[in-house]
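> let me see the structure of the following:
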Amino acid sequence: MATAAMNENIKVFKQGISDIVEVLNKTDESVLYVKPSEKEWSAMQIAAHVVEAVDFWVDDLEALLIVPDGKWGRNHEHVHRLVAVKESVVDQLKREDVIEDLQNLVPKVEAALSKVKEEDLDIKAPSYNPNFDGKPLSFLIDHLIVQHVVGHHDQILRHLAKVQ
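From the prediction side, this is the model:
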């Protein structure tokens, strides 16, 4: 394991998930499904996106540890990403199930990050997303898993402030 950096990533990730769960728990469930505008996601869409996205990026991370030169990533039109945030799908989700899914991400991320060695952080592989092409594995971990969760927590708070 890449020691201190991965331990800090795990700590920040866990806190991000905990923060999202806390907001979901303390917010009236019906409000979680309200979109601030037609072009913005509801808090529940954001939470569903976090579940799907982290799962996707952890799978990509683990694959790159096995096949370091494999092509990785996706763009905003990735079908699983779109399905995860589709209103008709999200409207069927229950808060407690989404919370459980979020909490289940923690051991998955811990297990994946525990496999990362210091030298793995510099792996660079081609990406399906030209914005990510040539980025090191550390980018996938820091930006697409850890900071992604933190950023979406902040987004949920902003969206709820608009609809409450």
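> which parts of stretch 109-121 are buried?
Going by neighbour count (16 or more other Cβ atoms under 10 Å), the buried part of stretch 109-121 is 109, 112-113, 116, 120-121. C-betas here are computed from N, CA, C, even on glycine.
> restricted to helices, list those.
Among these, the members found in helices (DSSP state H) are 109, 112-113.
> tell me the one among those residues nearest to residue 58.
Nearest to residue 58 among these is residue 112, at 4.8 Å by Cβ to Cβ.
> quick check, that closest one in contact with residue 63.
No: using Cβ atoms under 8 Å, residue 112 makes no contact with residue 63, being 10.4 Å away.
> what about the closest residue in space to residue 120 that isn't next to it in sequence, neighbour count?
Excluding the flanking residues, the one nearest residue 120 by Cβ to Cβ, 6 or more residues apart in numbering is residue 137, at 5.6 Å. By other Cβ atoms under 10 Å, the residues close to residue 137 number 22.
> and residue 137, what does it touch?
Residue 137 makes contacts with 61, 64, 116, 120-124, as judged by Cβ atoms under 8 Å, 6 or more residues apart in numbering.
> and the helix or strand harbouring residue 9, what's buried?
Residue 9 is part of helix 3-26 when elements are defined by DSSP states H and E. Within helix 3-26, the residues that count as buried by 16+ other Cβ under 10 Å are 5-6, 9-10, 12-14, 16-17, 19-21, 23-24.
> show me how far it is from its chain's centre.
11 Å (Cα atoms, centre = their mean, to the nearest Å).
> how about residues contacting it?
The contact list for helix 3-26, computed with Cβ under 8 Å, 6+ apart, reads 32, 43, 47, 50, 95, 98-99, 102-103, 105-106, 109-110, 113-114, 116, 118, 121, 138, 141-142, 145-147, 149-150, 152-153, 156-157, 160.
> pull out the buried residues from the helix or strand of the chain with the lowest mean pLDDT.
When the helices and strands of the chain are compared on mean pLDDT, DSSP states H and E, helix 79-85 comes out lowest with a mean of 77. Buried residues in helix 79-85, defined by neighbour count with 16+ other Cβ under 10 Å: 84-85.
> would you mind writing the CA trace of the helix or strand that comes right after it as PDB?
Next along the chain after helix 79-85, taking DSSP H and E as the criterion, comes helix 87-90. The C-alpha trace of helix 87-90 is given here as PDB (Å, rounded to 0.1, in the frame of the first residue of the first chain):
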ATOM      1  CA  GLU A  87     -35.400  10.600 -12.700                       C
ATOM      2  CA  SER A  88     -37.700   7.700 -13.200                       C
ATOM      3  CA  VAL A  89     -35.000   5.400 -11.800                       C
ATOM      4  CA  VAL A  90     -34.100   7.600  -8.900                       C
END
